[in-house]
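Undergrad: Show me how the following folds:
(chains A and B)
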Protein chains: 2
Amino acid sequence: MEQASILVIGGAEDKVNQLEILQTFWQRAGGVDAQLGIIPAASGEPAMIGEIYQRLFENMGCKAVQVLDVREREQSEDPSWHNHLGEMTGIFLTGGDQLRLATLLADSALLTALRFYRERGTLTLAGTSAGAAAMGYHMIAGGGSGESPHPALVSMAGGLGFLPGVIVDQHFHNRNRVARLLSAVVMHPECLGVGVDEDTCAVFEADGQLQVVGRGTVMIVDAGEASYFCEPQPHSTLPISAHNLRVHLLRWGDRFDVQHRRVLPPLLHHCSA
Amino acid sequence: MEQASILVIGGAEDKVNQLEILQTFWQRAGGVDAQLGIIPAASGEPAMIGEIYQRLFENMGCKAVQVLDVREREQSEDPSWHNHLGEMTGIFLTGGDQLRLATLLADSALLTALRFYRERGTLTLAGTSAGAAAMGYHMIAGGGSGESPHPALVSMAGGLGFLPGVIVDQHFHNRNRVARLLSAVVMHPECLGVGVDEDTCAVFEADGQLQVVGRGTVMIVDAGEASYFCEPQPHSTLPISAHNLRVHLLRWGDRFDVQHRRVLPPLLHHCSA
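TA: Numbers count the residues shown, from 1 in each chain, chains lettered A, B, ... in the order given. I've put the predicted structure just below:
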């Protein structure tokens, strides 16, 4: 089951010191036996960013790392991806623009193959920044910050749908994105809001548990029991009036039951600095 | 009772168009019969800021506006404030530095007189920005933004204590202050966190109700039912792990029962833009 986890990384993950998050991905993907694929499709400089991650994983000791440099729809629609991905144990989606990533991969043979091997349980998936944002079915494509929460503050689009029940935001506290995640979640209360800080990772395990790795916090916003006197209207510029939102702040080692929307006791205590 | 309200303004209140918030203060303080005092003690340019507000209120039609330009402890300790404030119906605390304001007023004859007339119910109080931050007993003196919530992110000091049960933050979503208010509230869960956006006002009525006026949102953070596996430690740089925080987003017309920590139905519906 370990192999089936999805790593949702808030961007700016450590690439020079302990590389804790990238190491976690590599281990989850099989360690020395891992066969990794890097998809830099979100990036405006896919060759450069692809090479950066390829070297990082090779320097860790990963023997098989390939960059799947998809820049056109024709490439992602190539049916031979199915066989090609059969060997892979881990796929890493880089940062960039989540809208570019979703546009290049949506309804493609590559995405179908990724889903197939995900469901077979042989493919660990990781995404950082834009790659993290695209994990949900509802994706935050962009939005403003520094304003009061309101539906027009956030623009939504279709994501890759690997985590259908969550709306991910990233660079979370770092870029003042609480208001836009709140705005997204009150419009989709069936989804759990997951705001991931930089150099922080929410590891979604196959058993429906989320565990936090890294330096910052993961904020869970649960609007499942929220109440309204006025339902928020799509694209409205009116500030949101919403009550009884439940918020959890999670840090390294904390665990959360995504399906039942409740915090789980940590496996090990880590109360001191 | 109307006269006894406290207006907590998130800063940058409209001074050129409808002046809704300043008008609300003036009306609460008695309208045409109001006798207003402006305390610019928080500001580094008290003469200028005092005059700006004096003109604003005079242009509204207020006949009696004085600037109480307290710059030294000796001034605030002058016992004659007691008689002087006896005529006043409203006191406005300007923006600036809440630490300067609290240092100048703490344990002074002026503060004692303000408390006396507040308790007598004849003095409406308003504070914007730093003047709002100082309303609580626990005051956010400063803090960082763009980081994960952690106790060391926020520095606390003693406020003026007019609203002992709340911790106020201001310029709230505008300056990315959710993390620092969360950090303050988990350290003082007996206090309600009140984050007020710019050009927005939380009107604390004498009957314990809060009502929202203005353009943005007031975020209420209630840690009264929060749970922890590790109690957050003062001055810790460890990210906060805290669960089951209750959050309410309030906008114009929304009402909140501060004592019982629950949302009240609005007096009038305002669901359309």
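
Undergrad: Mind listing what's buried along stretch A:12-19?
TA: For stretch A:12-19, the neighbour count (16 or more other CB atoms under 10 Å in any protein chain shown) marks A:12, A:13, A:19 as buried. Quick note: C-beta positions are derived from backbone N, CA and C, even for glycine.

Undergrad: actually stretch A:84-102, not the one I wrote
TA: Buried-residue list, stretch A:84-102, by 16+ other CB under 10 Å: A:85, A:88-102.

Undergrad: So which of the residues you listed belong to helices?
TA: A:85, A:98, A:99, A:100, A:101, A:102 (DSSP state H).

Undergrad: between those residues, which is nearest chain B?
TA: Relative to chain B, the closest of those is residue A:98; by CB to the nearest CB it sits at 21.0 Å.

Undergrad: Quick check: residues of the stretch 101-250 of chain A near chain B?
TA: Within the stretch 101-250 of chain A, the positions lying close to chain B (CB under 8 Å from any CB of the partner chain) are A:145-149, A:173-176, A:178-179, A:182, A:186, A:197, A:200, A:215-217, A:227, A:229-231, A:233, A:236-250.

Undergrad: and the residue of the stretch 1-150 of chain A nearest chain B?
TA: Closest point on the stretch 1-150 of chain A to chain B, by CB to the nearest CB, is residue A:148, at 3.7 Å.

Undergrad: all helices of chain A, in order?
TA: A:20-28, A:46-60, A:73-76, A:81-86, A:98-105, A:109-120, A:130-133, A:178-187.

Undergrad: how about these in TSV, adding mean pLDDT and distance to residue B:75?
TA: Converted to TSV, the helices of chain A look like this (pLDDT from 0 to 100; distance: least, CB to CB, whole Å):
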stretch	mean pLDDT	distance to residue B:75
helix A:20-28	97	56
helix A:46-60	97	61
helix A:73-76	96	72
helix A:81-86	95	76
helix A:98-105	98	57
helix A:109-120	96	70
helix A:130-133	98	55
helix A:178-187	97	41
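
Undergrad: Tell me which of those sits most buried.
TA: helix A:130-133 (a mean of 29; mean count of other CB atoms under 10 Å in any protein chain shown).

Undergrad: Would you mind naming the residues that bridge with the closest residue in space to residue A:10 that isn't next to it in sequence?
TA: Using CB to CB, 6 or more residues apart in numbering or on different chains and skipping residues adjacent in sequence, the residue nearest residue A:10 is residue A:196, 3.4 Å away. Beta bridges link residue A:196 to residue A:218, judged by DSSP bridges.

Undergrad: My read is that residue A:196 contacts residue A:169, right?
TA: Yes. Counting by CB atoms under 8 Å, residue A:169 is a contact partner of residue A:196 at 7.2 Å.

Undergrad: Comparing those two, which residue is more hemmed in?
TA: residue A:196 (30 against 27; other CB atoms under 10 Å in any protein chain shown).

Undergrad: can you tell me which residues contact residue A:259?
TA: residue A:208 (CB atoms under 8 Å, 6 or more residues apart in numbering or on different chains).

Undergrad: any idea how far it is from residue A:37?
TA: 29 Å (CB to CB, to the nearest Å).

Undergrad: before we move on, what about residue A:244?
TA: 43 Å.

Undergrad: Those two: which is more packed in?
TA: Remark: of residue A:244 and residue A:37, residue A:37 carries more neighbours, 23 against 17, as counted by other CB under 10 Å.

Undergrad: so who does the closest residue to residue A:102 other than its chain neighbours touch?
TA: Residue nearest to residue A:102 in three dimensions, not counting chain neighbours: residue A:134, with 5.3 Å by CB to CB, 6+ apart. If you count contacts by CB under 8 Å, 6+ apart, residue A:134 has them with A:42, A:93, A:98, A:101, A:102, A:127, A:159, A:160.

Undergrad: burial of residue A:144, as a residue count?
TA: 15.

Undergrad: separation between residue A:256 and residue A:112?
TA: Here the criterion is CB to CB. By it, residue A:256 lies 30 Å from residue A:112.

Undergrad: again with residue A:81
TA: Residue A:81 is 8 Å from residue A:112, by CB to CB.

Undergrad: And for residue A:83?
TA: On the measure of CB to CB, residue A:83 and residue A:112 end up 13 Å apart.

Undergrad: Now do the contacts for the nearest residue to residue A:255 once chain neighbours are set aside.
TA: Using CB to CB, 6+ apart and skipping residues adjacent in sequence, the residue nearest residue A:255 is residue A:264, 4.1 Å away. With contacts defined as CB under 8 Å, 6+ apart, residue A:264 is in contact with A:209, A:255, A:256, A:257.

Undergrad: Buried ones among the residues you listed?
TA: Buried among the contacts of residue A:264 by 16+ other CB under 10 Å: A:255, A:256.

Undergrad: and of the contacts of residue A:264, the nearest to residue B:121?
TA: Closest approach to residue B:121 among the contacts of residue A:264 (CB to CB): residue A:256, at 47.8 Å.

Undergrad: For the closest one, give me the pLDDT.
TA: pLDDT, residue A:256: 98.

Undergrad: Across the sheet, point out what pairs with the nearest residue to it once chain neighbours are set aside.
TA: Among residues not flanking residue A:256 along the chain, residue A:210 sits closest, at 4.4 Å (CB to CB, 6+ apart). Beta-bridge pairing of residue A:210 under DSSP bridges involves residue A:204, residue A:256.

Undergrad: I'd say residue A:210 and residue A:204 touch.
TA: Yes. Counting by CB under 8 Å, residue A:210 touches residue A:204, with 5.4 Å between them.

Undergrad: which neighbours do those two share?
TA: With CB under 8 Å, 6+ apart, residue A:210 and residue A:204 have common neighbours residue A:258.

Undergrad: between the helices of chain A, which gets nearest to residue B:191?
TA: Short answer: helix A:178-187, nearest of those by CB to CB, at 19.8 Å.

Undergrad: helices and strands around that closest one, which ones?
TA: strand A:138-143, strand A:154-158, strand A:166-169, strand A:192-196, strand A:218-222, strand A:242-250, helix B:178-187 (3 or more CB pairs under 8 Å, 6 or more residues apart in numbering or on different chains; DSSP states H and E).

Undergrad: Contacts only, for residue A:82.
TA: Contacts of residue A:82 (CB under 8 Å, 6+ apart): A:109, A:112, A:113, A:116.
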